[in-house]
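Enquirer: Build me a structure from this.
(2 chains)
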Protein chains: 2
Amino acid sequence: MTQPAARTVEAPCTTTYLPEGVDPARFADAIDRMREAIGIANVHTDPAVVRAYDDQFPVTDGDEFRGGAVVWPASTEEVQAIVRIANEYLIPLHAFSTGRNLGYGGSSPMVTGSVLLHLGKRMHRVLEINEKLAYAVVEPGVDYATLYRAVQESGANLMIDPAELDWGSVVGNTMDHGVGYTPYGDHAMWRCGMEIVLGDGEVLRTGMGGLPASEAWHLYAGGIGPSIEGLFEQSNFGICTRMGIQLMPRPETAVTFAITFPREEDLAAVMEITLPLRIGMAPIQSVPIVRNIVFDAACVSTRAEWQDDPGPLTAEAKQRMIDGLESGYWILYGTCYGPRWQVDRYLEIIREAYGTIDGSRFETNETLPLSEGSRRAELLNARHLLNTGVPNRHSAAVFDWFPNAGHFFYAPVSAPSGPDAATQFADTQRISDAYGTDYLAQFIIGLREMHHICLPLYDTSDAQSQTEILQMTRELIETGAQEGYGIYRAHNVLAEQVVETYSFNDHIQRTVNERIKDALDPNGILNPGKSGIWPRRLRDR
Amino acid sequence: MTQPAARTVEAPCTTTYLPEGVDPARFADAIDRMREAIGIANVHTDPAVVRAYDDQFPVTDGDEFRGGAVVWPASTEEVQAIVRIANEYLIPLHAFSTGRNLGYGGSSPMVTGSVLLHLGKRMHRVLEINEKLAYAVVEPGVDYATLYRAVQESGANLMIDPAELDWGSVVGNTMDHGVGYTPYGDHAMWRCGMEIVLGDGEVLRTGMGGLPASEAWHLYAGGIGPSIEGLFEQSNFGICTRMGIQLMPRPETAVTFAITFPREEDLAAVMEITLPLRIGMAPIQSVPIVRNIVFDAACVSTRAEWQDDPGPLTAEAKQRMIDGLESGYWILYGTCYGPRWQVDRYLEIIREAYGTIDGSRFETNETLPLSEGSRRAELLNARHLLNTGVPNRHSAAVFDWFPNAGHFFYAPVSAPSGPDAATQFADTQRISDAYGTDYLAQFIIGLREMHHICLPLYDTSDAQSQTEILQMTRELIETGAQEGYGIYRAHNVLAEQVVETYSFNDHIQRTVNERIKDALDPNGILNPGKSGIWPRRLRDR
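Expert: The predicted structure follows:
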């Protein structure tokens, strides 16, 4: 552990925000103790430092979701020390990995005044890369770009599964049920073996990690008794300080395809063709996406190129995008992996299957290489990078779709069926039009379910735009829930509403989560309110 | 709910065993209330009925692990009613699905006198078969044979993944981390969506099951907040009354191969060849097993055919088995699935890879069909049935290896590596020899781990044999733990020893499980002691 600074009192506590019920003296004492524990340079109350952790895409004004201080532990032991001090002083902690989480609240806490526990700041080591058994072990600060570089430098013939943007934390993304696009796209399925700091500061190692001499901690997720790793995902029951992530052996060949479909109404047919090709994990081995033209356009252009009017995009504007990018209204991206002979046969089967849709066009990164120079080639080859394990931030261009653009997320889960896709598209397009915002989305297709990832875009600098996007997203959630479409992940400000929709048996899911919360974190220290789970102490506030 | 019998008091309470601390009058009152709740015909204390639930493979004498009564609920509502009554009277319940669980304690409880809750007796409906989305929904009494028939009768082009023996419960096997041998062999990975009766009698639906209108309950295991399904596996936190199990679309072609390796010392090389062929999920798509000749022999013959002496099998006897069955000391079984062109290429790659081991022989169910008539063909084709989703009980012949044979399980988990396999084989063979028992085992090879499934066989009618097999298995567990090999599932009598080996941070895993137990089942009603998890009320007994 870091040596305590000789005289910590020289750094005053300068926070703007205090947790409710905590007086300034108590907060200052806790901060002092934290400085003693992990060093004065790693505990900050200066607003200039702490405000950098505010949500970059805020939708509410005022003092909501603001941290009171930030701490930067360097090790599991330092995390434990912070948790123990927070228990003594009853100070809420808000732990996060790298804190990107754009559209889901960034690194901001549910409880204003919380001490932000920025794990990734100093805990960003790749602890192990095991080529033979194909896994890596990472600390919370390891983002996809870092993991990629570490694997490359190790020379291991392994492929990572990056999230959409390379700056995401492997631990953070996985713990929040994030997905990727290779055959290992369901990150929760491929994580294995966690180290968790519990609410009382004790350390738990899951599964085989409980057996001191075992080398199977990151190989087998079970152990004896219940499998509790899932318990720590999207919750506030513990802080993950290391995690195993299994990696795919790099295939001999990988070819990425893009299939364009001209009409909005092609969507249902695209989904019905996709399901049987996908559910057997072949010939579509990757996690395919079906994107609309507006999303594709936003990756390679700005809105102003297609329409001046800030109102809803007209049919003509969308057609201009389709023509300008030599594309369709929907574009399906996926990748085939394996020996060349197999990849070629799979591509042929896929091409033929979608060829039944009138006007569809099939290209691959081989028929349309980046060197071809078009934006269409740029889009396809950016997906190829992602689908072959090369993290990048090509899609981050959507943040420049118009000045000061930020986005929310509306992400319902359903069967990957044509009727479900068509219903969701119709609802979302209608509600987006009513609010004058663009419908910009992709369907991410797992084996038996799909995530409909919509990015409601708004002007982050405009209070009215903030208010409207929040209202619109609330309306989307309400409409979807009535039709059976549940949300898999929610922004802080939406957590309560989303949890309300999971109402079976008088919200028994919430009741069970609360009971577990109180059992594992009796003082209610860790991320109170995360995913709508409040500890007893703050439940009836 | 079933109408209560008019006068339940006519059936007296005749139990032989009472839970500690429960006097006969209280037990009788509770039984009376249960009769009122689910009908007199479904609650039994008559020893003639209750004793049928005793462990068929006992290793201890006397009154351990005996039920006091048995109840047969017909619905989730009836399970709730029983749980509520048990709470009122503080009577421990021991819930199980079909109760086979041979070698792991059968249907017997940890706490003598518990009321046995035999879910499968009347809850054995296949609630749904969805061909398009490839899943089924089952009650706890549905065994693999029943699910197979239901899928066949539905006409759905789906393949189930059976456990080794067809009489196993789909829910029971999955909840206890059982495995199968097709690409869907990791049952815990493919279950999705549970209904759980909690310790207080309330009903929880996991994941998307919490959203009343959702049709994705059995499609996506997440939801909002933590994924808690794993919490109910191998634990006593709730009673699973329905579960979704995802099914593989039936492939166009499936060919099963058997590869024999002549020498005991070939094991390490076999494992090293297997790992890279398996880890990429192709060309070995199934969960392959590597069995020793004794296990194979026990499926098609009795011990007396090979050796008269009851002592350890001699090298000569094992060679007689190898010769007599035209086999090797190790036999690897696996299956390729898919279009014919792909299956043929995969088989070719596999044959070539193992061909490097001197004396190995490669056969398939096509080169060695059942009609060939040999026991070797019988063995291969029995595996083909299992690996193509046709449940059977071919392996149950091991129970006739010698008169009154029963077995225990020693099942450590490790990396699927040559050195690990060789170490475990050497240890287990040495200790088995010392106790004069046969080493009969198979390695089941997942993607990054293997289960070494050893069946210590003994004479169930002989008290000394019982004592010795228990002692030997304890020695195996101890030896394995020191070398880092943890057990994934344990017989009642071994649960405490196995949990002891998961000792990291002063047995924090146990502490966490106990905290969750007390939170979800405060009266400690459900399966107390299961997987070594004791409720507060019984912890310090």
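Enquirer: Would you mind listing what in the stretch 51-200 of chain A touches chain B?
Expert: Contact residues (CB under 8 Å from any CB of the partner chain) of the stretch 51-200 of chain A with chain B: A:Lys132, A:Leu133, A:Ala134, A:Tyr135, A:His177, A:Pro183, A:Ala188, A:Met189, A:Cys192, A:Leu198. C-beta here means a position set from N, CA and C on the backbone, and glycine is covered the same way.
Enquirer: Is the spatially closest residue to the first one that is not a sequence neighbour within a helix or a strand, and which one?
Expert: Put plainly, it is A:Lys132. Leaving aside its sequence neighbours, A:Lys132 sits nearest to B:Leu275 (CB to CB, 6 or more residues apart in numbering or on different chains; 7.0 Å). Taking DSSP states H and E as the criterion, B:Leu275 maps to helix B:267-279.
Enquirer: ok, the helix or strand that comes right after that helix: who's next to it in the sheet?
Expert: Counting by DSSP H and E, the next helix or strand C-terminal to helix B:267-279 is strand B:289-292. Strand pairing for strand B:289-292, using DSSP bridges, gives strand B:330-338 (antiparallel), strand B:441-445 (antiparallel).
Enquirer: which residues are contacting the shortest one?
Expert: This means strand B:441-445. B:179, B:181, B:185, B:271, B:274, B:278, B:287-292, B:294-295, B:416, B:421, B:425, B:428, B:450-455 (CB atoms under 8 Å, 6 or more residues apart in numbering or on different chains).
Enquirer: hey, what's the closest residue to A:Val290 other than its chain neighbours bridged with?
Expert: Leaving aside its sequence neighbours, A:Val290 sits nearest to A:Phe443 (CB to CB, 6+ apart; 4.4 Å). Assessed by DSSP bridges, A:Phe443 has beta-bridge partners A:Val290, A:His452.
Enquirer: Report the separation between A:Phe443 and B:Gly355.
Expert: 45 Å (CB to CB, to the nearest Å).
Enquirer: coming back round to it: look at the residue nearest to A:Val290 and say how many residues are nearby.
Expert: A:Phe443: 26 surrounding residues under other CB atoms under 10 Å in any protein chain shown.
Enquirer: And A:Ala11, by the same measure?
Expert: By the criterion of other CB under 10 Å, A:Ala11 has 17 neighbours.
Enquirer: what does A:Gln482 give?
Expert: By other CB under 10 Å, 12 other residues sit near A:Gln482.
Enquirer: Now do the contacts for the nearest residue to it once chain neighbours are set aside.
Expert: In space, and not counting its chain neighbours, A:Gln482 is closest to B:Ala213: 6.6 Å by CB to CB, 6+ apart. B:Ala213 makes contact with A:Ala481, A:Gln482, A:Glu483, A:Gly484 under the criterion CB under 8 Å, 6+ apart.
Enquirer: Closest to chain B out of the residues you listed?
Expert: Distance to chain B across these (CB to the nearest CB) is lowest for A:Gly484, with 3.5 Å.
Enquirer: Relative to B:Thr501, how far out is the closest one?
Expert: Separation of A:Gly484 from B:Thr501 (CB to CB) stands at 45 Å.
Enquirer: what's the answer for A:Ser414, then?
Expert: For A:Ser414, the distance to B:Thr501 - CB to CB - is 43 Å.
Enquirer: Would you mind telling me which of those two has the busier surroundings?
Expert: A:Ser414 (26 against 22).
Enquirer: Find the nearest non-adjacent residue to that one, please.
Expert: A:Asp420 (4.3 Å).
Enquirer: How confident is the prediction for that neighbour, by pLDDT?
Expert: Looking at A:Asp420, its pLDDT stands at 98.
Enquirer: in what helix or strand does it lie?
Expert: Under the criterion of DSSP H and E, A:Asp420 resides in helix A:418-435.
Enquirer: Which positions in that helix come out as buried?
Expert: For helix A:418-435, the neighbour count (16 or more other CB atoms under 10 Å in any protein chain shown) marks A:418, A:420-425, A:427-429, A:431-432, A:435 as buried.
Enquirer: Need the residues that contact that helix.
Expert: With contact meaning CB under 8 Å, 6+ apart, helix A:418-435 is reached by A:264, A:267-272, A:290, A:312, A:410, A:412, A:414, A:438-439, A:441, A:443, A:450, A:452, A:454, A:456, A:468-469, A:471-472, A:475-476, A:479-480, A:483, A:485.
Enquirer: Make a PyMOL selection of whichever of these turn out to be buried.
Expert: Only the buried entries of the contacts of helix A:418-435 go into this PyMOL selection, using 16+ other CB under 10 Å:
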select buried, chain A and resi 264+267+268+269+270+271+290+312+410+412+414+438+439+441+443+450+452+454+456+468+469+472+476+479+480+485
